[in-house]
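>>> Generate coordinates for the sequence data below:
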Amino acid sequence: MNLSNENEFVFLPDEKELVGRVVKNAFEQEEVVYAEFCHWRYLDWLAEHEGVDIEGFLQDCDMARGDWSFSDAIQWWAYWAYEYREEQGKPRPEWLPPIQKD
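Below is the predicted model of the structure:
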C-alpha cells in the first residue's frame, strides 16, 4: 500500500516496516494481518487514549473490505480514521503531524 502524497506520514524507516499481528476477523477467527508499524501505533494510541474498541474496529473493517486484503483494508481504515478525526478537531498523538491542507 502506498499512501504517497503531500499528507504522507513522516516517520522513521522502522515505523514504515510491516508488522504482523494476530487479530480476530469478522467471523471471530484469529488471523495474522500485516500493517505498517505506524498504523499499529496509531490504532494502539486510539485504544489507549481515546477508548476506541480496536477489536470491533478491525472486525468492522474486515466486514466492509470487499476485494481488498484484510491487511490493506486495515492500513486504509487507520489512515481514514486519522483523517476523519483531524477534520473533526479531535485529539491526535503528539508524534503524529497534522494533515497539510492546500
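>>> can we go C-alpha only for contacts and neighbour counts from here?
OK.
>>> Which residues are in contact with the most centrally placed residue in the chain?
In the chain, the centroid-proximal residue (Cα atoms, centre = their mean) is A78; its distance is 2.3 Å. Contacts for A78 (Cα atoms under 8 Å, 6 or more residues apart in numbering) come out as 39, 42-43.
>>> For the chain, which segments count as helices?
37-50, 54-64, 70-87 (DSSP state H).
>>> Check what pLDDT the residue nearest to the centre of the chain gets.
For A78, the model assigns a pLDDT of 93.
>>> Likewise for the one 10 residues further on?
We have a pLDDT of 94 for Q88.
>>> same thing with E15?
64.
>>> close enough to count as contact, N25 and F57?
No. Using Cα atoms under 8 Å as the test, N25 is too far from F57 to be in contact (10.1 Å).
>>> With neighbour numbers in mind, choose between those two.
N25 (20 against 15; other Cα atoms under 10 Å).
>>> List the contacts of that one.
Counted by Cα under 8 Å, 6+ apart, N25 has contacts 31, 58-59, 62.
>>> Might one say that M63 is in contact with A26?
Yes. At 5.8 Å, M63 counts as touching A26 under the criterion of Cα under 8 Å.
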